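> sequence first, predicted coordinates after that:
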Amino acid sequence: MIRFEEITWDNADAVMKLEVFDHQKDFVAPNTYSLAQAFVGLSSGNKLKAFAIYHDKDLVGFILMFRDTGKSNEYGDDDAYDIMRFMIDKNHQNKGYGKMAMKHAIDYIKTQPMGSAEAIYLSFEPENLIAKGLYESLGFKETGQIMHGELVMRRSL
Amino acid sequence: MKLIEITPDNHHEARKIKVKEEQDHFVASIQNTLCDAYIFKESVFKLISTEERIVGYTLIYPHDHEGKKRVNIVRLAIDQKDQGKGYGKVALKMIIDWIKKDYPCDVIRISVEPENIVAKTLYIKTGFIEGEIEGKEQALYMEI
């Protein structure tokens, strides 16, 4: 079973130690960077959530998402959730957790935790074919946009 | 000098702040400090800025301790390029005034590694009184 938990004093050190394989380091920022970014976003009034991803008792990954409005959304003109960061630790990859966790994220976003939305957006480095396959299998489709060197995908809710 | 919020517009500039290498073990990086600010929802983070640019950062933690209102100055760092200009002294006084105004309390606590003579001297000159040694750090207190 995959579940999301808040990042607190109890698990923060462990979350910051999660890392991907060396050849994946260009694909996703370190979790300390993301958590720092989350603080900046929150204190500027953005709606965002960071979670530690658990499989049963094991901490396996990290996800950061925010709710964007049609007005400020740089991908489209719909209210949407943007999955900014998503990673599974190198010791927990190839066990299907990535797909389970992303499915969990979609289900979570469907509950509209930070407001209503029509779509989920995310982006990935073009060389990250595993990510591309995973997102496609969950209903994401490329929009044709390239943002900050990454291919953009959208999934209707 | 002034205390300002970190925002999406200034955080790239802010993240360049670094203490001198030999001070690395005295104070956590701005990135780790922002993580702490995320984790401890009651803590308050501010950038220290001159009129021209960002020169440092601070993190405070207001809380109740043994029936008293206490504010810990958890971090206070000045960028390596801007050290030795007296900014630390001005910043510390400014932080104390800010705490008195926005987080009224009985006592302010700051801690320092005993080898960090520069910081310890600054704190004592500003009015902090030496307290207990806990692990690698010594606490200093200022009654308000």
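Structure's in. What do you need?
> what sits against the nearest residue to B:E134 once chain neighbours are set aside?
Distances taken as Cβ to Cβ, 6 or more residues apart in numbering or on different chains place B:S111 nearest to B:E134, at 7.6 Å, with adjacent residues excluded. C-beta coordinates here come from the backbone N, C-alpha and C atoms, glycine included. Contacts here follow Cβ atoms under 8 Å, 6 or more residues apart in numbering or on different chains; on that basis B:S111 touches B:N72, B:E134, B:E137, B:Q138, B:A139, B:L140.
> and B:S111, what pLDDT?
Per-residue pLDDT puts B:S111 at 95.
> quickly list what it is bridged to.
In this structure, B:S111 has the following beta-bridge partners (DSSP bridges): B:A139.
> off-centre distance for stretch B:114-126?
13 Å (Cα atoms, centre = their mean, to the nearest Å).
> how about the strand or helix carrying B:K46 and chain A, touching?
Following DSSP states H and E, one finds B:K46 within strand B:44-49. Yes. Looking at strand B:44-49 against chain A by Cβ under 8 Å from any Cβ of the partner chain, the contacts come from B:F45.
> packing partners of that strand?
For strand B:44-49, the packing partners by 3 or more Cβ pairs under 8 Å, 6 or more residues apart in numbering or on different chains; DSSP states H and E come out as strand B:2-4, helix B:30-39, strand B:54-65, helix B:87-102.
> how about a cut-off of 7 Å?
Strand B:44-49 makes packing contacts with strand B:2-4, helix B:30-39, strand B:54-65 when contacts are defined by 3 or more Cβ pairs under 7 Å, 6 or more residues apart in numbering or on different chains; DSSP states H and E.
> highest mean neighbour count out of these?
Counting by mean count of other Cβ atoms under 10 Å in any protein chain shown, helix B:30-39 has the highest mean neighbour count of the helices and strands packed on strand B:44-49, with a mean of 22.
> not counting residues beside it along the chain, what's closest to B:T58?
Distances taken as Cβ to Cβ, 6+ apart place B:L76 nearest to B:T58, at 5.0 Å, with adjacent residues excluded.
> in chain B, what residue is nearest chain A?
Across chain B, the shortest distance to chain A (Cβ to the nearest Cβ) belongs to B:L34, at 3.5 Å.
> phi and psi next, for A:M100.
Recorded main-chain torsions at A:M100 are phi -60, psi -40, according to degrees, to the nearest 10.
> and it, how many residues sit next to it?
The criterion is other Cβ atoms under 10 Å in any protein chain shown. On that basis, A:M100 has 16 neighbouring residues.
> any idea how far it lies from chain B?
As judged by Cβ to the nearest Cβ, to the nearest Å, A:M100 and chain B stand 26 Å apart.
> skip the chain neighbours and tell me the closest residue to that residue.
Distance criterion Cβ to Cβ, 6+ apart; nearest residue to A:M100, sequence neighbours excluded, is A:I2 at 4.6 Å.
> grab the most central residue of chain B for me.
With distances taken as Cα atoms, centre = their mean, B:L76 lies nearest the centre of chain B, 2.5 Å away.
> which one of the helices and strands packed on strand B:44-49 lies closest to A:G61?
Ranking the helices and strands packed on strand B:44-49 by their distance to A:G61 (criterion: Cβ to Cβ) puts helix B:30-39 first, at 16.9 Å.
> next to chain B, which bits of chain A? Give me the list.
In this structure, chain A approaches chain B at residues A:7-9, A:12, A:16, A:32-33, A:35-36, A:38-40, A:43-44, judged by Cβ under 7 Å from any Cβ of the partner chain.
> among these, which ones are in helices?
If you go by DSSP state H, these have A:W9, A:A12, A:M16, A:T32, A:Y33, A:L35, A:A36, A:A38, A:F39, A:V40, A:S43 in helices.
> from A:Y97, how far out is A:M1?
When Cβ to Cβ, to the nearest Å is applied, the distance between A:M1 and A:Y97 equals 11 Å.
> swap in A:A36?
In this view, A:A36 and A:Y97 are 25 Å apart by Cβ to Cβ.
> give the phi and psi angles for the residue of chain B most remote from its centre, as a check.
In chain B, counting by Cα atoms, centre = their mean, B:G67 sits farthest out from the average C-alpha position, at 23.6 Å. For B:G67, the backbone dihedrals (degrees, to the nearest 10) come out as phi 80, psi 0.
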